[in-house]
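Visitor: Here is a sequence with its predicted model. Questions after.
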Amino acid sequence: MEQDSQIITLCRRGRQEGFATLLLAYQERVYRRAFSFVQNRDDALDLTQEVFLRTIRGVQNLAPDRPLWPWLRRITTNLCLNFVRDRHPAVPLDEALPSTDEADPQEAALAAWHAGEVSAAVADLPPLYRMAVVLRHQEDLSYEEIARLMELPLGTVKTYLFRARRLLKQRLLQALEG
């Protein structure tokens, strides 16, 4: 928190070391967050750059006594949501999913995790499903917070998460069988 206060103060004064410290402290976190949403290195790098450009433009509005990460995380999430919406059409809610055989999901998830399949399965989800999953399970946001952030009805968010989990289960089971 002390470091954030110093960074904000230096940036407000237009000091080069403030901006350099800001980048050193948060660039990797912002990039990882962006990549988790867009699953593309170049796009994540572009979005990371845009986050810091917006931060520099809005530095006068930052309160020095507040932590930077929640603000940066919010900017990153919003930019990624807009990016995904612009690049990928929404998945129709009535899209049919193939049925799967029932298996113990905990055992399947544990085995797939060790095989490195979970990340790949999440990356293969349709973009809006992936974003809902990341916001819920990595960001630990409530359904209501996700609905507000994604500007979707609560029921749509619940449907996206339900269908995303079913797709993940299917893909992880296929990975275990294959």
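Guide: Right, received. Where do you want to start?
Visitor: what about the helices in the chain?
Guide: 2-12, 16-38, 41-57, 68-87, 105-115, 117-123, 127-133, 143-150, 154-177 (DSSP state H).
Visitor: for stretch 35-46, how far is the first residue from the last?
Guide: Criterion CA to CA, to the nearest Å; first-to-last residue distance in stretch 35-46 is 10 Å.
Visitor: Would you mark the buried spots in that stretch?
Guide: For stretch 35-46, the neighbour count (16 or more other CB atoms under 10 Å) marks 35-39, 43-44 as buried. All C-beta atoms are positioned from the backbone trio N, CA, C, and that covers glycine.
Visitor: ok, back up a step: where among the helices of the chain is average confidence lowest?
Guide: Mean pLDDT values for the helices of the chain show the minimum at helix 105-115, a mean of 59.
Visitor: Can you pick out the most distant pair from the buried residues of stretch 35-46?
Guide: Distance extremes for these: the farthest pair is S36 and D43 at 11.8 Å, using CB to CB.
Visitor: sorry, back to before: which among the buried residues of stretch 35-46 gets closest to E17?
Guide: Closest approach to E17 among those (CB to CB): A44, at 26.0 Å.
Visitor: Share the number of residues neighbouring T9, please.
Guide: 14 (other CB atoms under 10 Å).
Visitor: Contacts only, for the most centrally placed residue in the chain.
Guide: Nearest to the mean C-alpha position of the chain, by CA atoms, centre = their mean, lies F37 at 4.2 Å. Applying CB atoms under 8 Å, 6 or more residues apart in numbering to F37 gives the contacts 77, 80-81, 83-84, 130-131, 134.
Visitor: swap the cut-off to 7 Å and go again
Guide: Residues in contact with F37 (CB atoms under 7 Å, 6 or more residues apart in numbering) are 80, 84, 131, 134.
Visitor: Tell me the one of the residues you listed nearest R163?
Guide: Set against R163, the nearest of these by CB to CB is M131 (13.1 Å).
Visitor: any idea how far that closest one lies from R54?
Guide: To R54, M131 is 19 Å away according to CB to CB, to the nearest Å.
Visitor: Between the two, tell me which one has more neighbours.
Guide: Neighbour count, other CB under 10 Å: between M131 and R54, M131 has more, with 26 against 15.
Visitor: can I assume the more buried one is in contact with N82?
Guide: No - with contact defined as CB atoms under 7 Å, M131 does not reach N82; the gap is 11.1 Å.
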